[in-house]
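**Q** Sequence and predicted model, in that order:
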Amino acid sequence: MESVYLLIPVSVILVFGIAIAFWWSVRSGQFDDLEGPGFRVLMDEDQPQTTDDAKEPNKRENV
């Protein structure tokens, strides 16, 4: 029973700490873009585009 007197305040402080950390992460923009960094890893921007076809890949002539 004596341990309950210690565990309840510790758990309340822990809940407030987690709530403050979550509030800070939401306010600072940690959850704004979840997919962007994953796609950014896959994009290769080191190779320069050398032809005019690379600038307009979807241009087709009507037949």
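**A** Sure thing, it's come through.

**Q** Restrict stretch 21-32 to CA atoms and write it as CSV.
**A** Output of stretch 21-32 as CSV, limited to C-alpha atoms (Å, rounded to 0.1, in the frame of the first residue of the first chain):
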residue,chain,number,x,y,z
ALA,A,21,6.7,16.2,-25.3
PHE,A,22,3.8,15.3,-27.7
TRP,A,23,2.5,18.9,-27.7
TRP,A,24,6.0,20.3,-28.5
SER,A,25,6.5,17.8,-31.4
VAL,A,26,3.2,18.8,-32.9
ARG,A,27,3.8,22.5,-32.5
SER,A,28,7.3,22.3,-34.0
GLY,A,29,6.1,20.5,-37.2
GLN,A,30,7.5,17.0,-36.6
PHE,A,31,4.3,15.4,-38.1
ASP,A,32,3.9,17.7,-41.1
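
**Q** what about it, distance to the chain center?
**A** 10 Å (Cα atoms, centre = their mean, to the nearest Å).

**Q** I20 versus I13, what's the distance?
**A** I13 sits 11 Å away from I20, taking Cβ to Cβ, to the nearest Å as the criterion. For glycine as for every other residue, the C-beta is placed from the backbone atoms N, C-alpha and C.

**Q** same question but for E35, I mixed them up
**A** For E35 relative to I20 (Cβ to Cβ), the value is 27 Å.

**Q** More neighbours: which of these two?
**A** I20 (10 against 7; other Cβ atoms under 10 Å).

**Q** Please report how far that one lies from E2.
**A** 29 Å.

**Q** For the longest helix along the chain, buried residues please.
**A** Within the chain, and with DSSP state H defining each element, the longest helix by residue count is helix 2-27. By neighbour count on 16 or more other Cβ atoms under 10 Å, the buried set for helix 2-27 is empty.

**Q** what's the average pLDDT for it?
**A** Computed over helix 2-27, the mean pLDDT rounds to 96.

**Q** Any idea how far it is from the middle of the chain?
**A** 25 Å.

**Q** Quick check: next helix or strand after it?
**A** Proceeding C-terminally, helix 2-27 gives way to helix 36-42 as the next helix or strand, assigned by DSSP states H and E.
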